[in-house]
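> The following block contains a protein sequence and its predicted model.
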Amino acid sequence: MQPGEEVAMTNTVSIATTINGSEHTLDVEPRTLLVHMLRDELGLTGTHTGCETGQCGACTVQLNGAAVKSCMILAAQADGQEVTTIEGVAPQGSLHPIQQAFWEEHGIQCGYCTPGVIMSALSLIAGNPEPSEEEIRHALEGNICRCTGYHNIVIAVREAAARVARGEGPQSIH
Amino acid sequence: MHPHPFSYHRAASVGEALSMLNEFGDEGKLLAGGHSLLPIMKLRLAQPGRLIDISGLTDLAGVSLDGDTVRIGALTTHHEIESNGILASSVGLLPEIAHGVGDQQVRNRGTIGGTLAHADPAADYPAGTLALDVRIVALGPTGERTIPIDEFFTGFLTTALESNEILTTIKVPALVANTGYRYEKLANPASGYATVGVAAVVTVGANGEVSAVRIGITGVGDVAYRPRAVEEALIGTLPSDESVKSAAETAVEGIELLSDIHGPAEYRARVTKNLVRRAVLKALERAKV
């Protein structure tokens, strides 16, 4: 939509958003939250809904490279922006080094929080290639994990940072 | 969890946002980062009929230095405040506060103007802005006016802003020489909000006497406040650990303390006095360096 354009209550908002590198044009209700657009309209169910009140971080995605909670942003506000979800971190059939690290270091139990944790951790690593344990824990304060006690998550993020710093890329799972 | 239906209007300029705000009257509400507004809309504590999205107005974001005054645009995110070079060198208290606001995701999206306009009694910036003696610039239909921070927070979730005004800028005096600062916070472990937050800004004279002191307290009452008795007890004195501790004992005088699941009033009172003591002592230590 264009700036200044008015949308009546019953109408929808037309938006064009780049999601995982592809542009999507959609009509959404003004109150549609970004997380619901991703999951319900586009089938990108890797982004989870947890508390839906901005506390748990399960819905974390990247908006223009910054980790955000997609339940706290209107889909309409993603118009003209770039969104990356967990599906977009590595090509289909391969794992990003951070996904490999979570697998190998057992940074996962039930897995519900994992996509959100990974999106937050990727934002951290992008700006800080060698984060300390304290910095990792600070960056993940907005992601609640009720299984692991965070211990292996922190180890996995450290390992991921080291792999990314070494220039490792996605690896095929086959 | 969806908010009640509303219509969505994206403002192309501050002027357009202002005219929409006037046209929509009570139905209109400004949307910036949305990290205070959308949660309360989802809980149906607020049901504005029309949202005016100002989040794309880049001229309302950013930090600049204008003589001895740092100007912070209302849409500047907590993350930007945490990492901004001008603030780091001129008003280090604000990055110190921003570092502990919410979490990474909240800091990437939430804005200082939104936080101040929302005036949550447990938000962090109210304490810091009171201690820094900032000025709030509000733009309304008849032009701009400047509100001293001491007159800005008027009650629970209430400020001196009129419903047809937009908070555009926060003007912060750069800290003068021999000034130290500190933000002490007991954070709620789930939300990151302050159960108690204390900001202190202290300037010392040539002989080590307190020549200026301002303290802001959040999380404790309905609205952030300055503990005037503590400030008055310290001003002009040569401070010691004992005198600061004794001054801090008056930190909740005349305040009706919040009492909730995060802390009964008695507990909040005790924590507040302790954090006032710690914040002032740390600020003094930094002032002398």
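That came in fine, so what should we check first?
> which residues in the chain form helices?
I went with chain A, as the question did not name one. A:34-36, A:97-104, A:114-127, A:133-139, A:151-165 (DSSP state H).
> The chain in question should be chain B.
Counting by DSSP H, the helices of chain B are B:14-24, B:37-42, B:78-83, B:85-90, B:93-99, B:104-109, B:112-118, B:125-132, B:228-234, B:241-248, B:265-288.
> Can you verify my assumption that A:M37 contacts A:L74?
No: counting by Cβ atoms under 8 Å, A:M37 sits too far from A:L74 to count as a contact (9.1 Å). For the C-beta atoms, the positions are set from N, CA and C on the backbone; glycine is no exception.
> Now do the domain split for chain A, please.
Split into domains by automatic domain parsing, chain A comes to A:13-88, A:94-166.
> ok, the shortest one near chain B or not?
When you say that, I think you mean domain A:94-166. Yes: counting by Cβ under 8 Å from any Cβ of the partner chain, contacts between domain A:94-166 and chain B involve A:120, A:123-124, A:138-143.
> Could you check how far that domain is from the centre of its chain?
Centre-to-centre, domain A:94-166 and its host chain are 12 Å apart (Cα atoms, centre = their mean, to the nearest Å).
> quick revisit: same list, the domains of chain A, but as CSV with mean neighbour count and mean pLDDT please.
Below are the domains of chain A laid out as CSV (neighbours: other Cβ atoms under 10 Å in any protein chain shown; pLDDT from 0 to 100):
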stretch, mean neighbour count, mean pLDDT
domain A:13-88, 21, 97
domain A:94-166, 19, 96
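> Of all those, which one is nearest B:L18?
B:L18 lies closest to domain A:13-88 among these, at 20.0 Å (Cβ to Cβ).
> of all the residues in the stretch 101-250 of chain B, which ones are close to chain A?
So far as Cβ under 8 Å from any Cβ goes, the stretch 101-250 of chain B lies against chain A at B:102-106, B:108-109, B:190-192.
> Go through the residues you listed and name the one nearest chain A.
B:D103 (2.8 Å; Cβ to the nearest Cβ).
> which non-adjacent residue is nearest B:I72?
The spatially closest residue to B:I72, leaving aside those adjacent along the chain, is B:I170, at 4.4 Å (Cβ to Cβ, 6 or more residues apart in numbering or on different chains).
> Am I right that the one you found is in contact with B:A74?
Yes: with contacts counted by Cβ under 8 Å, B:I170 reaches B:A74, the gap being 7.0 Å.
> quick one: common contacting residues for these two?
Shared contacts of B:I170 and B:A74 (Cβ atoms under 8 Å, 6 or more residues apart in numbering or on different chains): B:112-113, B:116.
> Quick one: buried ones out of those?
By the neighbour-count criterion of 16 or more other Cβ atoms under 10 Å in any protein chain shown, those include these buried positions: B:112-113, B:116.
> would you turn those into TSV with pLDDT?
Below are those laid out as TSV (pLDDT from 0 to 100):
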residue	pLDDT
B:I112	98
B:G113	98
B:L116	98
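> In TSV: those, plus distance to B:I52.
Converted to TSV, those look like this (distance: Cβ to Cβ, whole Å):
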residue	distance to B:I52
B:I112	19
B:G113	14
B:L116	18
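> returning to what we had before: out of the domains of chain A, which comes closest to B:Q47?
domain A:13-88 (10.8 Å).
> Show me how far that closest one is from its chain's centre.
Distance, stretch centre to chain centre, for domain A:13-88: 9 Å (Cα atoms, centre = their mean).
> how long is stretch A:99-110 end to end?
End-to-end distance of stretch A:99-110 (Cα to Cα, to the nearest Å): 15 Å.
> what comes into contact with it?
A:89-90, A:95, A:114, A:117-118, A:145, A:147-148, A:152-153, A:155-157, A:159-160, A:163, A:171.
> can you do 6 Å?
A:114, A:147-148, A:152-153, A:155-156, A:159-160 (Cβ atoms under 6 Å, 6 or more residues apart in numbering or on different chains).
> Which single one of those residues is nearest to chain B?
A:I153 (14.2 Å).
> And the residue lying closest to the closest one once chain neighbours are set aside, how close does it get to chain B?
Spatial nearest neighbour of A:I153, excluding adjacent residues (Cβ to Cβ, 6+ apart): A:G107 at 4.6 Å. Going from A:G107 to chain B by Cβ to the nearest Cβ, to the nearest Å gives 17 Å.
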